[in-house]
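Student: From the sequence below, what's the structure:
(one chain, ligands or ions: 4)
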Amino acid sequence: MIRSPLITVMVQAVRKAGRALIRDFGEVEQLQVSVKGPADFVSAADRKSEDVLFAELSKARPTYGFLMEERGRVDGTDDANEWVVDPLDGTTNFLHGIPMFAISVALVRNGVPMAGVIFNPANDELFVAEVGQGAYLNDRRLRVAGRRKLAECVVCCGLPHMGRGDHEQFNRELGVVQRQVAGLRRTGSAALDLAWVAAGRFDAFWERKLAPWDMAAGLVMVREAGGFVSDMDGGEKILEKGDVLAGNELIHRDLQRLLKSA
Ligand code: 2AM
Ligand code: CA
Ligand code: CA
Ligand code: CA
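Tutor: Ligands and ions are numbered 1, 2, ... in the order given. Presented below is the predicted three-dimensional model:
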């Protein structure tokens with residue numbers, strides 16, 4: 001486990017927010033839910049978790065700015081450091097009682113994700129990574145899977161959301177990929193998808209039209225577990241473009257080629 005001051009602050013904040021989420025997970029029927037866009041829900045639980053994270057992280061680092069899914073941007077006096085926060089990644093799962101959701105917090109310094117924490121309070125899995133310090137699940141050091149052939153791989157993807165994204169392109173990609181891999185999965189939490197690539201559970205993951213808070217922590221996680229992450233063109237503009245493709249070096253390359261051919 002990483003015990004730097006930065007990670008300690010992040011872990012304390014996500015654990016506290018996680019306790020709030022778990023209380024609400026037990027009372028999902030009573031939660032107030034509103035709709036932000038087509039199939040895009042936000043609940044009182046998202047907001048409560050974000051309140052906890054905002055309070056804890058501001059207390060610990062009063063000068064840092066924030067980029068949060070629900071409140072948006074809150075500038076700090078320190079231009080270099082920004083918390084990128086998804087208070088509940090996988091809201092739809094959460095609202096359906098599916099225990100596959102997470103809190104995702106990243107520290108981005110001068111545009112570069114430096115540390116990430118992704119916590120699923122439903123099963124107490126805490127994923128932690130910091131640049132140069134490795135990636136961990138609870139106390140276990142993580143390493144991406146070593147498979148070398150797509151035919152042996154379990155690949156995870158995101159789906160285009162209702163009203164957003166190119167459904168036709170996705171269907172073409174799915175048609176190509178499903179013929180070449182051992183299994184395809186979709187979980188509904190992009191942050192956990194990246195954490196699970198870092199943990200070697202998924203050999204690869206791709207999704208488009210994501211927001212920085214879905215990915216920032218996961219990028220550090222995959223890289224520190226020895227994996228490759230890029231945008232869909234193989235470049236570095238992941239947070240800018242909102243596309244992500246992750247896996248070990250070989251599988252990342254092969255999957256990128258395959259998706260391009262679709
Ligand atoms: P969320 O639960 O924090 O909104 C699933 O593939 C990913 O897409 C999740 O990270 C999820 O984050 C996000 N997501 C789910 N439904 C969405 C929608 N309708 N619009 C935008 N993002 C969505
Ligand atoms: Ca959301
Ligand atoms: Ca999200
Ligand atoms: Ca969210």
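
Student: so where do the helices sit in this structure?
Tutor: Along the chain, counting by DSSP state H, helices occupy 5-25, 44-60, 91-95, 167-177, 190-198, 212-224, 238-241, 249-261.

Student: Just tell me which of these ends up closest to ligand 3.
Tutor: Closest approach to ligand 3 among the helices of the chain (CB to the ion): helix 212-224, 4.1 Å. (C-beta placed from N, C-alpha, C; glycine too.)

Student: what about the closest one and ligand 4, touching?
Tutor: No: against ligand 4, helix 212-224 shows no contacts by CB under 5 Å from the ion, the least distance being 7.0 Å.

Student: what angle separates that helix from helix 5-25?
Tutor: Calculated by axes from the mean of the first three to the mean of the last three CA atoms, to 10 degrees, helix 212-224 forms an angle of 130 degrees with helix 5-25.

Student: which residues touch helix 212-224?
Tutor: Residues outside helix 212-224 that contact it (CB atoms under 8 Å, 6 or more residues apart in numbering) are 67-69, 84-86, 89, 104-106, 108, 113-118, 127, 129-131, 133-135, 142, 144, 190-191, 193-195, 197-198, 228-229, 238-239, 242, 244, 246.

Student: can you pull the contacts of the closest residue to ligand 3 within the stretch 51-200 of the chain?
Tutor: Residue nearest to ligand 3 within the stretch 51-200 of the chain (CB to the ion): residue 89, separated by 3.9 Å. Contacts for residue 89 (CB under 8 Å, 6+ apart) come out as 101-104, 118, 189-192, 213-214.

Student: of all those, which comes closest to residue 48?
Tutor: residue 103 (11.5 Å; CB to CB).

Student: What distance do you get for that closest one to ligand 1?
Tutor: Using CB to the nearest ligand atom, to the nearest Å, we find residue 103 at a distance of 10 Å from ligand 1.

Student: same thing with residue 182?
Tutor: Residue 182 is 21 Å from ligand 1, by CB to the nearest ligand atom.

Student: Please verify my assumption that that residue contacts residue 145.
Tutor: No: here residue 182 does not reach residue 145: they are 11.5 Å apart, not a contact under CB atoms under 8 Å.

Student: what residues do the two have in common as contacts?
Tutor: The contact lists of residue 182 and residue 145 share residue 153, where a contact means CB under 8 Å, 6+ apart.

Student: And the two? Which one has more around it.
Tutor: residue 145 (21 against 13; other CB atoms under 10 Å).

Student: my guess is that one contacts residue 200, does it?
Tutor: Yes: Residue 145 is within contact range of residue 200, at 3.9 Å (criterion: CB under 8 Å).

Student: joint contacts of these two?
Tutor: What both residue 145 and residue 200 touch, as defined by CB under 8 Å, 6+ apart, is an empty set.

Student: circling back: tell me the buried residues within the contacts of helix 212-224.
Tutor: Taking 16 or more other CB atoms under 10 Å as the criterion, what is buried in the contacts of helix 212-224 is 67-69, 84-86, 89, 104-106, 108, 113-118, 127, 129-130, 133-135, 142, 144, 190-191, 193-195, 197-198, 228-229, 238-239, 242, 244, 246.

Student: restrict those residues to contacts with ligand 4.
Tutor: Okay, of these touching ligand 4 (CB under 5 Å from the ion), that's 69, 86, 89.

Student: Show only the entries of those residues found in strands.
Tutor: Under the assignment DSSP state E, these contribute 86, 89 to strands.

Student: What's the end-to-end length of stretch 122-141?
Tutor: One end of stretch 122-141 sits 21 Å from the other (CA to CA, to the nearest Å).

Student: nope, stretch 128-144 is what I was after
Tutor: Start-to-end span of stretch 128-144 (CA to CA) is 14 Å.

Student: tell me which parts of the stretch 1-150 of the chain are close to ligand 1?
Tutor: 39-40, 69, 86, 89-91 (CB under 6 Å from any ligand atom).

Student: Cool, thanks, talk later.
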